[in-house]
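Student: Structure for this input, please:
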Amino acid sequence: MERTKRIFISDIHIGAGKVWDTFKHKDHEKRLCSFLDWVKKQKDVKDLVLLGDIFDTWVWPHNRPPVTITNILNADINSNIIDSINAISDETDINVIYCNGNHDQEATEEDLRGFFPKMIYSGDEYESRPVYAVHGNCFDLFNSQYKQFEYPLGYFITRVITKDNGDSPSMFDVIQSSLDDIFEALFSGQTAPQSVFEAAMEAAGVNDNTEIVLLDGGTITCRDVKEKYKDLVNDCVDETDKKTAKRMAFANLDLDVFACDVLDSEDYKAIVMGHTHDSKVEKYDILKHVKGIYANTGYWAGRKSPTFIEISEKKQISVSLCSWWHGRRDSIKSERTKK
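Tutor: So this is what the prediction gives:
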């Protein structure tokens, strides 16, 4: 059987097995390994694309020296997952391809090669026309390395809200409360990035003097974070325009408009992203008689059925959103377009 199918999965958020990790091994490991074993048995799959945020160095309490990708990969609790990924590369002709997201932005080819000898490291994107895939944080002002900061503002938001006891406020709660803070900022002199970070601080119960421990052993206070990133939106407006800056500021909620931009400007028929944890498959008009498809892989560390994307090419390009639950693949929705 010819291998023509590609599978995309993202946002697993595997940590080092700590109580505050998003990925809970007791809840999520078995279903992930069963999925990987299922992929290994598929005779028509040519690529398994790990589309970012597979591992997570962001979800870590602010008062502790942060974890590294190597720490996570060396953790005994992750050995079964690593073995399951390697089994696909070792025992089949399926290409296992790794792309970075934001929560694993530090992962390098050298880091991965020591644990996944046959894995293909693809940097920030996967391109195999007519399909293009990227994690999606590159379009997100708060979660991309905009202005060449070492870390996006989202890194410090995540570090601040992560609690030692695992009782961390959700990012949804932070976003909701930040809307109120952004409105108040209109009258207080604070900028939108400062207000968003202020909302995270309030949700976490920390103050301006709270220190965040950095990878090099140094620290930065919450006050200094607010000062450093205060002009993030204004600088984006200066470099692009107000419409683009607004889109990028809210990209964590919806990447559809950026997917359409890529489909409209490049010779792709399908684009796959992750990042938002909002699984979907949608067809869009690009040009007359031409349809493009945007798919989002969804999320693997929650309580709902985890999801992934399948793309097959025969007479048409078929893009399917699928769920994995109790060891079974279910197709949720599919869209097709001409090759």
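Student: what about the closest residue to residue 50 other than its chain neighbours, which SS state?
Tutor: Spatial nearest neighbour of residue 50, chain neighbours left out: residue 98 (4.9 Å); criterion: CB to CB, 6 or more residues apart in numbering. For glycine as for every other residue, the C-beta is placed from the backbone atoms N, C-alpha and C. Following DSSP: H, G, I helix; E, B strand; the rest coil, the label given to residue 98 is strand.
Student: wait, what's in contact with residue 98?
Tutor: 50, 54, 107, 112, 116, 119, 120, 121, 122 (CB atoms under 8 Å, 6 or more residues apart in numbering).
Student: bridging residues for it?
Tutor: residue 50, residue 121 (DSSP bridges).
Student: Can you find the helix or strand of the protein with the lowest average pLDDT?
Tutor: helix 171-188 (a mean of 59; mean pLDDT, DSSP states H and E).
Student: Closest to residue 319 out of the contacts of residue 98?
Tutor: Closest approach between the contacts of residue 98 and residue 319, by CB to CB: residue 50, at 18.1 Å.
Student: Just give the number of residues close to the nearest residue to residue 234 once chain neighbours are set aside.
Tutor: Nearest residue to residue 234 in three dimensions, chain neighbours excluded: residue 191, at 6.9 Å (CB to CB, 6+ apart). Using other CB atoms under 10 Å, residue 191 has 18 other residues around it.
Student: Could you number the chain from 550 rather than 1 from now on?
Tutor: Taking 550 as the first residue, the last one we looked at is residue 740.
Student: show me the contacts for residue 740.
Tutor: Counted by CB under 8 Å, 6+ apart, residue 740 has contacts 734, 779, 780, 781, 782, 783.
Student: any chance of the contacts of residue 647 in a markdown table, with pLDDT too?
Tutor: Shown next, in a markdown table, are the contacts of residue 647 (pLDDT from 0 to 100):
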| residue | pLDDT |
| --- | --- |
| 599 | 98 |
| 603 | 98 |
| 656 | 97 |
| 661 | 97 |
| 665 | 98 |
| 668 | 98 |
| 669 | 98 |
| 670 | 98 |
| 671 | 97 |
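Student: Put together a markdown table for those residues, with neighbour count on each row.
Tutor: Converted to a markdown table, the contacts of residue 647 look like this (neighbours: other CB atoms under 10 Å):
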| residue | neighbour count |
| --- | --- |
| 599 | 27 |
| 603 | 28 |
| 656 | 23 |
| 661 | 21 |
| 665 | 19 |
| 668 | 20 |
| 669 | 17 |
| 670 | 16 |
| 671 | 20 |
